[in-house]
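Enquirer: Test case, fold it:
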Amino acid sequence: MNEEVLFKELDYKAVRSSGPGGQHANKTSTKVELSFDVENSEGLSNEEKILIQKKLAARINKEGILKLTNEDSRSQHSNKEIVTRIFISEVRQALKKPRLRKKTRPTRASKIKRLKAKKQKSEIKANRKNPLK
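Expert: Now for the predicted structure:
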């Protein structure tokens, strides 16, 4: 992953933020939408593109464009920084390879403990029954 190339491929769009805010919110475009074309990116290898498309499928539309938005701040500039940071962290997380699971077996003591607990439970239930039968 070449981050410098990725930063050049990002498209930003400022739109009006939703929710309350009075006169300021009605006349300023502080919400920032980030668009990134995953399929046509030159900063990613083919394997990385496949991984990102698989792991971030919920955020990628039918055209293969990854969309992220942010409207936390009242400042367009800080929202742009935040959404860029989120983008980088999401891509890094998607490209991170999961650790292989090491197979383990239960210890002898844990097996004995489990069997004792089962036996105790069955005795408790057996004592609930009517003794006349």
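Enquirer: In the helix or strand residue 90 falls within, which residues are buried?
Expert: Following DSSP states H and E, one finds residue 90 within helix 76-95. In terms of neighbour count (16 or more other C-beta atoms under 10 Å), helix 76-95 has its buried residues at 76, 79, 80, 82, 83, 84, 87, 90, 91, 94. (Each C-beta comes from the backbone N, C-alpha and C, glycine too.)
Enquirer: next one: stretch 101-108 to chain centre, how far?
Expert: Put simply, stretch 101-108 sits 29 Å off its chain's centre (C-alpha atoms, centre = their mean, to the nearest Å).
Enquirer: Dump the C-alpha coordinates for it into CSV.
Expert: Provided in CSV are the C-alpha atoms of stretch 101-108 (Å, rounded to 0.1, in the frame of the first residue of the first chain):
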residue,chain,number,x,y,z
ARG,A,101,-5.2,-19.9,15.6
LYS,A,102,-3.1,-22.3,17.5
LYS,A,103,-4.9,-25.5,18.2
THR,A,104,-5.0,-26.4,21.9
ARG,A,105,-6.4,-29.4,23.9
PRO,A,106,-8.1,-29.3,27.3
THR,A,107,-5.8,-30.2,30.2
ARG,A,108,-6.4,-33.4,32.2
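Enquirer: ok, now which ones touch the residue nearest to the spatial centre of the chain?
Expert: Nearest to the geometric centre of the chain sits residue 90, at 7.0 Å (C-alpha atoms, centre = their mean). Applying C-beta atoms under 8 Å, 6 or more residues apart in numbering to residue 90 gives the contacts 56, 59, 68.
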